[in-house]
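1. below is the sequence, then the predicted model.
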Amino acid sequence: MTADEPLLVAEGLGRDYGARIGCRGVDLALHEGEVLAIVGESGSGKSTLLGLLSGAHAPSAGRVLYRRRHGVLADLALMPEAERRLLMRTDFGFVRQRAEDGLRMAVSAGGNVGERLMATGWRNYGAIRAEAADFLARVEIDPARMDEDPRSFSGGMRQRLQIARSLVSRPRLVFMDEPTSGLDVSVQARLLDLIRALVEEMGLAVAIVTHDLAVARLLAHRIIVMRHGRVIEEGLADQVLDDPQAPYTQLLVSSVLTP
């Protein structure tokens, strides 16, 4: 794979829910080391698009192509189920809006992280535990708490634990759905700094859904703006936020619309 070859490609991507359009006619490419923010108001189709890109939803139209480690593009929808599940446990990482949806709440913090390692072939208990402790420390969770379960953690700590669980397997592509939503402003800022540092350090490709344009500005290289299930503007983050062309994007940027 060369630097100019995309890691993920969407072609004519769409999904309908009966008469309602989830998203339609989306074309995009995502490269290694790039962060793509998907923004728009509630109901714009951004979470539907994220589900399609990650393979969580099957498209009604179009396709999603992922470049495997050997360099060949594969259609996610045409992969055998077992192969797609393995991909989601290894090459893909997921950070959900509600940490509870991305964690096993009755399993210890260390166990949550260790499970991802086992999915990639780790078998030595001592090595798994040491790696889990190291990653907990990297997301600012005291490794001394690795035997506690997430129910004893604050909301911000649960989200950091979910990030550790998602990234410990060194995925190539991470999907984030409103990762800072619902957290206090100070906790949000700390979490965003952590995400940015880890993304840069690990060279991750990231597709992130957010209604918060400040989050998009801080994290993203490129932005796509969605409305009524369609992409209405896209470009470099600074370009879209500082000189929006579509009237809807201008309203979003000027905060006239409430996300």
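-> Perfect, I can see it now.

2. chain neighbours aside, what residue packs nearest to Pro179?
-> Leaving aside its chain neighbours, Pro179 sits nearest to Val95 (4.8 Å; criterion: CB to CB, 6 or more residues apart in numbering). No exception for glycine: its C-beta is placed from N, CA and C like everyone else's.

3. which residues does that neighbour contact?
-> Contact partners of Val95, counting by CB atoms under 8 Å, 6 or more residues apart in numbering, are 102, 159, 162-163, 166, 174-177, 179.

4. ok, what's across the strand from it?
-> Met176 (DSSP bridges).

5. tell me the gap between stretch 166-181 and the middle of its chain.
-> Taking CA atoms, centre = their mean, to the nearest Å, one finds the center of stretch 166-181 at 4 Å from the center of the full chain.

6. let me fix that, I meant to ask about stretch 246-259.
-> So, by CA atoms, centre = their mean, the centroid of stretch 246-259 is 24 Å from its chain's centroid.

7. stretch 110-118: which residues count as buried?
-> Within stretch 110-118, the residues that count as buried by 16 or more other CB atoms under 10 Å are 110-117.

8. oh, I was asking about stretch 18-29
-> By neighbour count on 16+ other CB under 10 Å, the buried set for stretch 18-29 is 21-24, 26, 28.

9. tabulate these (a markdown table), appending secondary structure.
-> As requested, the buried residues of stretch 18-29 are exported to a markdown table (DSSP: H, G, I helix; E, B strand; the rest coil):
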| residue | secondary structure |
| --- | --- |
| Ile21 | strand |
| Gly22 | strand |
| Cys23 | strand |
| Arg24 | strand |
| Val26 | strand |
| Leu28 | strand |
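
10. got a markdown table for the residues you listed, with pLDDT too?
-> Formatted as a markdown table, the buried residues of stretch 18-29 follow (pLDDT from 0 to 100):
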| residue | pLDDT |
| --- | --- |
| Ile21 | 81 |
| Gly22 | 87 |
| Cys23 | 92 |
| Arg24 | 93 |
| Val26 | 96 |
| Leu28 | 96 |
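
11. now those in TSV, with distance to Gly14?
-> Converted to TSV, those look like this (distance: CB to CB, whole Å):
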residue	distance to Gly14
Ile21	8
Gly22	7
Cys23	6
Arg24	4
Val26	7
Leu28	13
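
12. between those residues, which is nearest Leu252?
-> Top of the list for closeness to Leu252, among the buried residues of stretch 18-29 and by CB to CB, is Cys23 at 17.4 Å.

13. tell me how far Leu198 lies from Ile141.
-> 13 Å (CB to CB, to the nearest Å).
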